[in-house]
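> structure, please.
(2 chains)
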2 protein chains.
Amino acid sequence: MVSLNKRCTFQVGQDPANERTLTLSSSSNEGYFVSLRPFIAPKDSEKQFPFEWAFAGGPASARVEKKDDKTDVVYFDFDFDTNVHLNAENTHRGTITTYWKKWESGLVEERGQVFPFGTEKEGVDFFELWQPVDVDQDALTILSDKSPDQDIARSVVLTVDNADYKGLVVAVGRWAQGILFKKNEHSIKGVNFLRSVELANGQWETQFEYGTDADRFPQKFIASKGSTFYAKSLSWEVIESNFQE
Amino acid sequence: MVSLNKRCTFQVGQDPANERTLTLSSSSNEGYFVSLRPFIAPKDSEKQFPFEWAFAGGPASARVEKKDDKTDVVYFDFDFDTNVHLNAENTHRGTITTYWKKWESGLVEERGQVFPFGTEKEGVDFFELWQPVDVDQDALTILSDKSPDQDIARSVVLTVDNADYKGLVVAVGRWAQGILFKKNEHSIKGVNFLRSVELANGQWETQFEYGTDADRFPQKFIASKGSTFYAKSLSWEVIESNFQE
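Numbering: from 1, shown residues only, chains lettered A, B, ... in the order given. Down below sits the predicted model:
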């Protein structure tokens, strides 16, 4: 089943809970995911790269186990991680073990520990709270029993992986999110993001795009598996789709 | 401006954050408010009265001061408080001082302290996190820059206050919430609640109603100031309305 989760709060170590971003995590039927975390009001020091973080990956990079009735364990080992690509100091490397628990209200808590100073040093606890939203609405609408069946929502995944670029776009329902790295450019010139939403009139509206290669993202997201989209000579392949032409 | 806030999380003392209710707090243009906190999956011990709490009041019972740029202080002294009406043990009495801070993301944190064992005993810290939602949508939709102007949304308040009953209904946009106490009945037979939403087709749908006198709530909520609605011989007066007939 596809999912689109909006983060409500982020709490690190002993800091008070806060949320400075409009973070959405998309996940496709087959488990491809993109999480983009743009600051809403970036500080001066954040304006050049107004993102807390972004990551993405395929099913193999988010291995899921059942811990108990209410809790899943997800072992993340991202294919795309801005901290890694940008060689950001004092950020985690390697697998992150996270515990996911659905509350009675439908909100989902995620708890885990990161090791920004290496696994032999002390870890830092984090807590994130997620609100599942309805992928079929263009305004962020809290998922409820009355929401349309998310099992039959659109789920399309596009990738690119050539000598210069690797990228992933996940489109679930009306929401598309993409990430594109220039392989040998480990500065902010090498990272690109896209969030786009299909309005009621069928037009796709870019909510934001970032990066010197943002024009290499596809402009359309809905096609059957095996299709190819070209964007400024970059060839994106549809590797997952439940859309029949 | 009207507001409708959905609670995302509730944290008391040293307990971990959680949310077991579908809590909505409504507030009218003039500052009348109703907060209903029904459990989503009540435990056996909660089934007779499946509410964490409910309260309501008029502008005078929620006095607001500016603490700093980002923080309001609200002094609550509720006109309606289920804990008080039901003489619930180990619950707060009197004014509650709360601090409200809007996050960059639009979520709003509320922090405060209650004194369930009396003001001379130790207080208990609490933290609640609120998501403002669009009053004009019948599905709970996260308020954003793209939402319709909440300043021109409907705002209607109805009250009753006679020898036997006191009640308050706040209707903002498509959402109505009501509370009705039987004055001399301090058991669960004396408390009644209503949450109703106007669907796209104009019909009002009851999301829940509770109490032996729930049929004494009005069935319609939109009328001009000074109008009177009768519900099973109870006469509700419209004391605030921006609706012109």
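> domains of chain A?
Split into domains by automatic domain parsing, chain A comes to A:3-133, A:150-241.
> can you list the ones you listed in JSON lines and add mean neighbour count?
Just so you know, the C-beta spots here come from the backbone N, C-alpha and C atoms, and that holds for glycine as well. Listed next are those as JSON lines, based on neighbours: other CB atoms under 10 Å in any protein chain shown:
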{"stretch": "domain A:3-133", "mean neighbour count": "17"}
{"stretch": "domain A:150-241", "mean neighbour count": "18"}
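> who wins for proximity to B:Asp134 among these?
Distance to B:Asp134, taken as CB to CB, is lowest for domain A:3-133 among the domains of chain A, at 13.2 Å.
> ends of that closest one, how far apart?
This stretch, domain A:3-133, spans 8 Å end to end (CA to CA, to the nearest Å).
> what residues are up against the residue sitting nearest the centre point of chain A?
Nearest to the mean C-alpha position of chain A, counting by CA atoms, centre = their mean, stands A:Ser35 at 1.6 Å. Taking CB atoms under 8 Å, 6 or more residues apart in numbering or on different chains, we find A:Ser35 in contact with A:23-26, A:53-56, A:177.
> kindly report the same for A:Arg216.
Neighbouring residues of A:Arg216 by CB under 8 Å, 6+ apart: A:165, A:167, A:180, A:192, A:231-234.
> same thing but at 10 Å, please
Applying CB atoms under 10 Å, 6 or more residues apart in numbering or on different chains to A:Arg216 gives the contacts A:160, A:165, A:167, A:178, A:180, A:182, A:192, A:194, A:230-234, A:236.
> returning to that earlier point: tabulate the domains of chain A (a markdown table), appending distance to B:Gln14 and mean pLDDT.
Converted to a markdown table, those look like this (distance: least, CB to CB, whole Å; pLDDT from 0 to 100):
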| stretch | distance to B:Gln14 | mean pLDDT |
| --- | --- | --- |
| domain A:3-133 | 13 | 96 |
| domain A:150-241 | 36 | 97 |
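> turn the ones you listed into a markdown table, including distance to B:Lys220.
Compiled in a markdown table, the domains of chain A are given as follows (distance: least, CB to CB, whole Å):
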| stretch | distance to B:Lys220 |
| --- | --- |
| domain A:3-133 | 30 |
| domain A:150-241 | 30 |
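> which one of those lies nearest to B:Pro16?
With respect to B:Pro16, and counting by CB to CB, the nearest of the domains of chain A is domain A:3-133 at 8.2 Å.
> thinking again about what came up before, so which of the domains of chain A comes closest to B:Asn5?
domain A:3-133 (12.7 Å).
> and the gap between A:Pro148 and chain B?
Note on A:Pro148: its distance to chain B, by CB to the nearest CB, to the nearest Å, is 10 Å.
> on that earlier part again, which ones among the contacts of A:Ser35 map onto strands?
When the contacts of A:Ser35 are checked against strands (DSSP state E), the matches are A:24-26, A:53-56, A:177.
> farthest-separated two in those?
The distance between the two most remote of the ones in strands among the contacts of A:Ser35 (CB to CB) is 15.0 Å, for A:Ser26 and A:Trp53.
> coming back round to it: what's the closest of the ones in strands among the contacts of A:Ser35 to chain B?
Within those, proximity to chain B (CB to the nearest CB) peaks at A:Leu24, which comes in at 11.1 Å.
> give the bridge partners for that closest one, please.
Note on A:Leu24: beta-bridge partners A:Lys6, A:Leu36, judged by DSSP bridges.
> residues contacting it?
A:Leu24 makes contacts with A:4-7, A:34-38, A:130, A:133, A:140, A:175, A:177, A:195, A:197, A:207, as judged by CB under 10 Å, 6+ apart.
> nearest residue to A:Asn5 in space, please, no chain neighbours.
Spatial nearest neighbour of A:Asn5, chain neighbours left out: A:Trp130 (4.1 Å); criterion: CB to CB, 6 or more residues apart in numbering or on different chains.
> just say helix, strand or coil for the one you found.
Three-state call for A:Trp130 (DSSP: H, G, I helix; E, B strand; the rest coil): strand.
> between the domains of chain A, which one is closest to B:Arg93.
Closest to B:Arg93 of these, according to CB to CB: domain A:3-133, at 28.0 Å.
> so A:Glu240 is in which element?
Per DSSP states H and E: A:Glu240 is located in strand A:234-241.
> what is that strand packed up against?
The contact analysis (3 or more CB pairs under 10 Å, 6 or more residues apart in numbering or on different chains; DSSP states H and E) places strand A:234-241 against strand A:155-161, strand A:165-172, strand A:175-182, strand A:228-231.
> can you redo the ones you listed as TSV with distance to chain B?
Shown next, in TSV, are the helices and strands packed on strand A:234-241 (distance: least, CB to the nearest CB, whole Å):
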stretch	distance to chain B
strand A:155-161	22
strand A:165-172	17
strand A:175-182	13
strand A:228-231	27
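> as TSV, these with distance to B:Trp100 would be great.
Shown next, in TSV, are these (distance: least, CB to CB, whole Å):
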stretch	distance to B:Trp100
strand A:155-161	39
strand A:165-172	34
strand A:175-182	31
strand A:228-231	45
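> A:Asp215 belongs to a helix, doesn't it?
Yes. Under three-state DSSP, A:Asp215 sits within a helix.
> so who does the nearest residue to it once chain neighbours are set aside touch?
Spatially, and ignoring its direct neighbours in sequence, A:Asp215 is nearest to A:Lys232 (5.4 Å; CB to CB, 6+ apart). Residues in contact with A:Lys232 (CB under 10 Å, 6+ apart) are A:213-217.
> in chain A, which spans are helices?
Ranges of helices in chain A, per DSSP state H, are A:82-85.
> pick the one among the contacts of A:Lys232 closest to B:Arg111.
Out of those, the member with the shortest distance to B:Arg111 (by CB to CB) is A:Ala214, at 39.8 Å.
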